[in-house]
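> everything below, folded, please.
(one chain, ligands or ions: 2)
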Amino acid sequence: MAEVRVLVVDDEEVVLASCERALVSQGYSVALAESVDLALSKLAESPFDVVISDLVMPKKGGMELLKIIRETYPSTNVIMVTGYSSINTAVESIKLGAFDYLAKPFSPAELVLTVKKALEEKGRLVAPYLSDQELPGSMIFDNIIGNSSRMIEVFKFVSKVAATDTTVLVIGESGTGKELVARAIHNNSLRKDNNFVVVDCLTLTPTLLESELFGHIKGSFTGATAAKAGFFEVANKGTLFLDEIGDLSFDLQGKLLRVIQERKYTPVGGTEPRETDIRLVAATNKNLKKMVETGTFREDLFYRLYVVPIFLPPLRERKEDLVILVEHFLRKFSDRYKKPLPRISEKAMKCLLGYNWPGNVRELQNTLERAAVSFEGAEILITDLPEHIQKESGDSAGHAPATIDELKKVKKELRERAIEDIEKEFVVNALAVSGFSVAEAAKAVGMQRTNFYRLIRKYGIKLPTGEEEQYSNNGHNHNGSE
Ligand SMILES: Nc1ncnc2c1ncn2[C@@H]1O[C@H](COP(=O)(O)OP(=O)(O)OP(=O)(O)O)[C@@H](O)[C@H]1O
Ligand SMILES: [Mg+2]
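Ligands and ions are numbered 1, 2, ... in the order given. This next block holds a predicted model:
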């Protein structure tokens, strides 16, 4: 394969140098330009696969460069680099055909990932290219499969929050991989050598709860013939995963809240409270905010948990992932059942692409397991798929993307998100990178702290405790001082 050529355009030498380092490490041939004019003369000399350009530069800006590249070098993918002040322009640039944008501050790993996405779209790189080594600081994502931009955002986000001790709430429909993500957070955290303990809130009952969570002392009740360690003890120094938190009864919510607040509990039959050092990750497929409004979920607990939310997109919104998910599961089941690795017929694949997947990845996994067990011959045919999938897929064929080209279009639309989404993501991103220090985050993006606080409030982003008080103080002190 011919060498990959990347051109970086920025008026700041440090930015050029750090981009160069990251890209050269991937074996790409890298050219640098300090202005749009210089970039244009390099482009005229020889073609580039990808151009990475700052939006705001003295004299000509990135938008001007983008317009020329789209007209003159249509096979070059352009990635825009944007600071907060130019977010609107970044969104505009996507509409004008930029491949993607990178929000400052970004890490070398993010840069490399975005370039890889751009190369993949050009057909210069074959997915899945997301190996563990390529993620920030060698993140381990076990078997979470996905290379859609939505999932890459999830990976990036997980990698940013994992090392912090902040509480994470994973939100997503059933079967989207919430537990996998919770485990990935644990496995990539400093607590990884201690326990990851799953508490299924759906099965907790008021009578069992205290003994399950807090443990009990020997002889504390009839049948307590031995002491038993509760979840809080087992999870000490590790991670406690509160699964299906929306299904916890109102009464139990209060009890749980108390332990979370005090980080102390007393085993049943015991007298001495014990301390617990846990990192909390919770998951829900319910709309907890709505539940708070209707009075079925405690507001105080909600705010304890809703520190950093991670949204897992449903499978129907990231059908680009289907191809590698299908490959992954077919391999897994052919191994498990000692059968030859099946191919999947084009018609069957189209059928999978056309279906809506209400049960998300779990439903896909089950479907493929059944097909992998029952198919005869060399290929999985459309007739090896459940009837309702064949039927619904056919019914919706007019709307659902079925060809790779259509999928690309869907991908493009996904990128054209509303400005508000991007702005919110931008703020959360800056916060996560700077360990949730507002001062640092604001500095990193070159914003006044007060303005940054305003965005935090606008999007209802909850900061870990401590920062919050600072928030209201600052709000008062600096009122009107921008
Ligand atoms: N991205 C993925 N790659 C590979 N396997 C996945 C992925 N997402 C989910 N799965 C698989 O699908 C199944 C469901 O995942 P998981 O249990 O994490 O979902 P969940 O969101 O917790 O679902 P529920 O709300 O029903 O508990 C698991 O077997 C998991 O291994
Ligand atoms: Mg689950």
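> which SS state does Pro242 fall under?
Quick fix: residue 242 is Leu, not Pro. strand (DSSP: H, G, I helix; E, B strand; the rest coil).
> roughly how far does the closest residue to it other than its chain neighbours sit from Ile245?
Of all residues not flanking Leu242 in the chain, Ala282 sits nearest, at 4.2 Å (CB to CB, 6 or more residues apart in numbering). Yep, even glycine has a C-beta here, placed from its N, CA and C like the rest. In this view, Ala282 and Ile245 are 4 Å apart by CB to CB, to the nearest Å.
> so which strand or helix has the residue of the stretch 301-450 of the chain found nearest ligand 1?
For the stretch 301-450 of the chain, the residue closest to ligand 1 is Val361, as judged by CB to the nearest ligand atom, at 3.5 Å. Using DSSP states H and E, Val361 maps to helix 360-374.
> just the C-alphas of that helix, formatted as PDB.
C-alpha atoms of helix 360-374 as PDB (Å, rounded to 0.1, in the frame of the first residue of the first chain):
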ATOM      1  CA  ASN A 360     -29.900  -4.200  20.700                       C
ATOM      2  CA  VAL A 361     -26.600  -6.100  20.800                       C
ATOM      3  CA  ARG A 362     -28.000  -8.800  23.000                       C
ATOM      4  CA  GLU A 363     -30.700  -9.600  20.500                       C
ATOM      5  CA  LEU A 364     -28.200  -9.600  17.600                       C
ATOM      6  CA  GLN A 365     -26.000 -12.000  19.600                       C
ATOM      7  CA  ASN A 366     -28.900 -14.400  20.300                       C
ATOM      8  CA  THR A 367     -29.900 -14.300  16.700                       C
ATOM      9  CA  LEU A 368     -26.500 -15.100  15.500                       C
ATOM     10  CA  GLU A 369     -26.000 -17.900  18.000                       C
ATOM     11  CA  ARG A 370     -29.100 -19.600  16.800                       C
ATOM     12  CA  ALA A 371     -28.100 -19.100  13.200                       C
ATOM     13  CA  ALA A 372     -24.600 -20.400  13.900                       C
ATOM     14  CA  VAL A 373     -25.900 -23.500  15.500                       C
ATOM     15  CA  SER A 374     -28.600 -24.300  12.900                       C
END
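> quick one: distance of whichever helix or strand comes after it to the chain centre.
Sequence-wise, the next helix or strand downstream of helix 360-374 (DSSP H and E) is strand 379-380. In terms of CA atoms, centre = their mean, to the nearest Å, the centre of strand 379-380 is found 33 Å from the chain centre.
> can you list the strands that strand 379-380 pairs with?
Sheet pairing of strand 379-380 (DSSP bridges) gives strand 343-344 (parallel).
> and the next helix-or-strand element following the strand it pairs with, what other elements does it pack with?
Next along the chain after strand 343-344, taking DSSP H and E as the criterion, comes helix 346-354. Applying 3 or more CB pairs under 8 Å, 6 or more residues apart in numbering; DSSP states H and E, we find helix 346-354 packed against helix 322-336, helix 387-395.
> mind listing the strands for the stretch 101-250 of the chain?
Applying DSSP state E, counting those that start in this stretch to the stretch 101-250 of the chain gives strands spanning 168-172, 196-200, 215-216, 228-229, 239-243.
> the first one: how far from the chain's middle?
Taking CA atoms, centre = their mean, one finds strand 168-172 lying 10 Å from the centre of the chain it belongs to.
> anything in it near ligand 1?
Yes: residues of strand 168-172 contacting ligand 1 under CB under 6 Å from any ligand atom: Gly172.
> so does stretch 363-378 get close to ligand 1?
Yes: using CB under 6 Å from any ligand atom, we find that stretch 363-378 touches ligand 1 at Gln365.
> mind listing what's buried in that stretch?
Neighbour-count burial for stretch 363-378, counted by 16 or more other CB atoms under 10 Å, picks out Glu363, Leu364, Gln365, Thr367, Leu368, Glu369, Ala371, Ala372, Phe375.
> okay if I get the residues you listed as a markdown table plus pLDDT?
A markdown table is the format used below for the buried residues of stretch 363-378 (pLDDT from 0 to 100):
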| residue | pLDDT |
| --- | --- |
| Glu363 | 96 |
| Leu364 | 96 |
| Gln365 | 95 |
| Thr367 | 95 |
| Leu368 | 94 |
| Glu369 | 92 |
| Ala371 | 91 |
| Ala372 | 88 |
| Phe375 | 84 |
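> closest to Gly219 out of the residues you listed?
Closest approach between the buried residues of stretch 363-378 and Gly219, by CB to CB: Gln365, at 45.5 Å.
> contacting residues for the residue in the stretch 201-350 of the chain positioned nearest to ligand 1?
The minimum distance from the stretch 201-350 of the chain to ligand 1, using CB to the nearest ligand atom, falls at Asn285 (4.7 Å). Applying CB atoms under 8 Å, 6 or more residues apart in numbering to Asn285 gives the contacts Ile171, Gly172, Glu173, Ser174, Lys178, Glu244, Gly246.
> does Asp243 really touch Val198, like I thought?
Yes: with contact defined as CB atoms under 8 Å, Asp243 reaches Val198; the gap is 5.8 Å.
> find residues that contact each of the two.
Glu179.
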